[in-house]
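Colleague: Task: produce atomic coordinates for the following.
(4 chains)
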There are 2 protein chains.
Amino acid sequence: MESSSNEFLRGTLKTIVLKLLAEQGRMYGYEITQSVKERTNGEITLTFGALYPVLHKLEQEGFLLTVSEEVDGRLRKYYSLTPSGNESAAQKVSDFERFVEAMQILLKPNAGLSLNPI
Amino acid sequence: MESSSNEFLRGTLKTIVLKLLAEQGRMYGYEITQSVKERTNGEITLTFGALYPVLHKLEQEGFLLTVSEEVDGRLRKYYSLTPSGNESAAQKVSDFERFVEAMQILLKPNAGLSLNPI
DNA sequence: TTTTTATATATAAAAAACTTATATATATTT
DNA sequence: AAATATATATAAGTTTTTTATATATAAAAA
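Modeller: Predicted structure coming up:
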């Protein structure tokens, strides 16, 4: 099964959200999912069930501010970073880069691996 | 708090274990934790509470075989890959590489980020 | 000689994260 | 009129991971 959902996404959701907001200034939930999908050509897909709890948690932690606006009769909730949210964004991105470097050490091509052995 | 434990490790545990076994042939649990710690200079640390359930799950799924051996009066449980475990290892490593590429698109340096703003 | 550290596996309880399903509602397209 | 796209959100359930605990031997240090 495992659907199209990516197991590696676990633990990176906050990082993605913080970084996008740092870059874009403000975004609403639906916009975040669409942006991630488009920019990664569908490779990474955020589900609403995962995204909204993360947004609420980040807000609780003091990393996000929200402003609700009515657009075309629908309510939109814009999220933007607080100063500590901005710090956290930069920190998490650099933490992720370090983690990936460590993973590359472990996963670099070596003996023993072959997807299609003869 | 968040200890030394890495949030990004979530979702990559199976991949690490499968890849190490693909490379080393066979390893025991303790050896896996030590190997990961040494090779990543302490950047990635696997806890036993996380590792053993993963090993047992991979065994259940038919990816691992175990052989117990007594060494110096202590019991050691060696894990090695089945053919499908070997396939899974290669698959997961390449899935991870794809995921990282997608993440790099999202996290690449752009406007809005500064860890130490003036 | 006793305690601590290193080696070695494992489970249980609890917390956290994530998936899947569901609810609600408007606007646009077919 | 129905389906699709836009928009936010919660609840139930599952999975994953953390933290704590249990057990045991060997070697090193105090």
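Colleague: Packing partners of the helix or strand harbouring residue A:18?
Modeller: Per DSSP states H and E: residue A:18 is located in helix A:13-24. Helices and strands touching helix A:13-24, by 3 or more Cβ pairs under 8 Å, 6 or more residues apart in numbering or on different chains; DSSP states H and E, are helix A:29-39, helix A:48-60, strand A:74-81, helix A:83-107, helix B:83-107. The way it works is simple: take the backbone N, C-alpha and C, and place the C-beta from them, glycine included.
Colleague: Go through these and name the closest to residue B:20.
Modeller: Ranking these by proximity to residue B:20 (Cβ to Cβ) places helix A:83-107 first, at 7.1 Å.
Colleague: now stretch A:73-90: mean pLDDT?
Modeller: The pLDDT scores in stretch A:73-90 average 92.
Colleague: Outside of it itself, list whatever touches it.
Modeller: A:15, A:18-19, A:21-22, A:25-29, A:55, A:58-59, A:62-70, B:112-115, B:117 (Cβ atoms under 8 Å, 6 or more residues apart in numbering or on different chains).
Colleague: among those, which are within reach of DNA strand D?
Modeller: A:28, A:29, A:55 (Cβ under 7 Å from any atom of the strand).
Colleague: Provide a list of residue ranges in chain A with pLDDT below threshold.
Modeller: Applying pLDDT under 70 to chain A picks out residues A:1-5, A:111-118.
Colleague: please redo it, this time with the cut-off set to 90
Modeller: Where chain A drops to pLDDT under 90, the residues are A:1-6, A:10, A:69-76, A:109-118.
Colleague: for DNA strand D, what are the nearby residues on chain A?
Modeller: A:7, A:10, A:28-31, A:34, A:48-49, A:52-53, A:55-56, A:71-72, A:74-77.
Colleague: Thank you, goodbye.
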